[in-house]
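S.K.: Quick one, structure for this:
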Amino acid sequence: MISNLTNHRDPVTAFFDVDDTLISVKSMFDFFQYWVIQQNLPKIKLKFDHEFKVAREKNSPREELNRMYYRFFKGHSLNSVELLGVEWFKEKILSPNFFINKTLQRLKEHKNKGDKIVFVSGSMSPLLQPIANHVGADDLLCTDLIVDIDRNLTGEIGPIQTIGAGKSDVMNKFALANDIKLSDCYGYGDDFSDMYMLLLVGNPVYVGNQPQMLDIANINNWEILN
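M.R.: Numbers count the residues shown, from 1 in each chain. Have a look, this model is predicted:
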């Protein structure tokens, strides 16, 4: 479909999922492999791989998998994770295929029109902030990492999980706080779990080629980037 970005309009907000929408990797899992190597934690990696294999075989919901992931960081300094997140990004950006070019180009078009760019992701700020800084995103709606008084990660996360239906919850909250009319906004997502955020905005854009999502996009006359 032809782009529905009009030439003459007031600035709006464009909400972007990140993994497999803007970048070509699963940031959380890609970073975890980097983190255990940098921290020399081979036993943690084995435990991680085993527990996620079992959970996937049991068809555990994404919300459970998401919480499982963050518990592996319990006791580690948030500062150290943030520093490694920056180093991880510096390595990933060297790959010419790290960004999904069509989505990146669309983000740049939004920036040129003065639109606010907001990431909506189940990933965490130590990974998303370097990406946001690089592309000029304005805000992050992502997993809230709980820390103790010494800024060590407790392994627990905030009550709103920014995946699935949680994305629409956090977007509604953000829109209310910032006087944003979601019917004027754009949303970019690649997966069935992004349905909630795409249904929430007036200008949904599907990024990808999953048959089920392509059918939904075509039925609803969504723009498609594939």
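S.K.: make it CA atoms for all contacts and neighbour counts henceforth
M.R.: Fine.
S.K.: and V36, how many neighbours does it have?
M.R.: Close neighbours of V36, defined as other C-alpha atoms under 10 Å, add up to 14.
S.K.: what does V170 give?
M.R.: 19.
S.K.: Check which helix or strand it maps to.
M.R.: helix 165-177 (DSSP states H and E).
S.K.: Could you pull out the buried residues of that helix?
M.R.: 166-172 (16 or more other C-alpha atoms under 10 Å).
S.K.: Dump the residues you listed into TSV; add distance to E109 and pLDDT as well.
M.R.: Formatted as TSV, the buried residues of helix 165-177 follow (distance: C-alpha to C-alpha, whole Å; pLDDT from 0 to 100):
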residue	distance to E109	pLDDT
G166	27	95
K167	24	96
S168	24	95
D169	27	96
V170	25	97
M171	22	97
N172	24	97
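S.K.: Mind jotting down where the strands sit in this structure?
M.R.: For the chain, the strands defined by DSSP state E occupy 13-16, 116-124, 139-143, 145-147, 153-157, 186-189, 203-207, 223-225.
S.K.: Alpha carbons only: can I get stretch 101-113 in CSV?
M.R.: The C-alpha atoms that make up stretch 101-113 are tabulated as CSV, following Å, rounded to 0.1, in the frame of the first residue of the first chain:
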residue,chain,number,x,y,z
ASN,A,101,15.8,-0.1,6.5
LYS,A,102,12.2,0.5,5.5
THR,A,103,11.1,1.1,9.0
LEU,A,104,14.1,3.2,9.8
GLN,A,105,13.4,5.3,6.7
ARG,A,106,9.8,5.8,7.9
LEU,A,107,11.0,6.9,11.3
LYS,A,108,13.2,9.5,9.7
GLU,A,109,10.2,10.7,7.7
HIS,A,110,8.3,11.2,10.9
LYS,A,111,11.2,13.0,12.4
ASN,A,112,11.4,15.3,9.4
LYS,A,113,7.7,16.2,9.9
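S.K.: Many thanks, have a good one.
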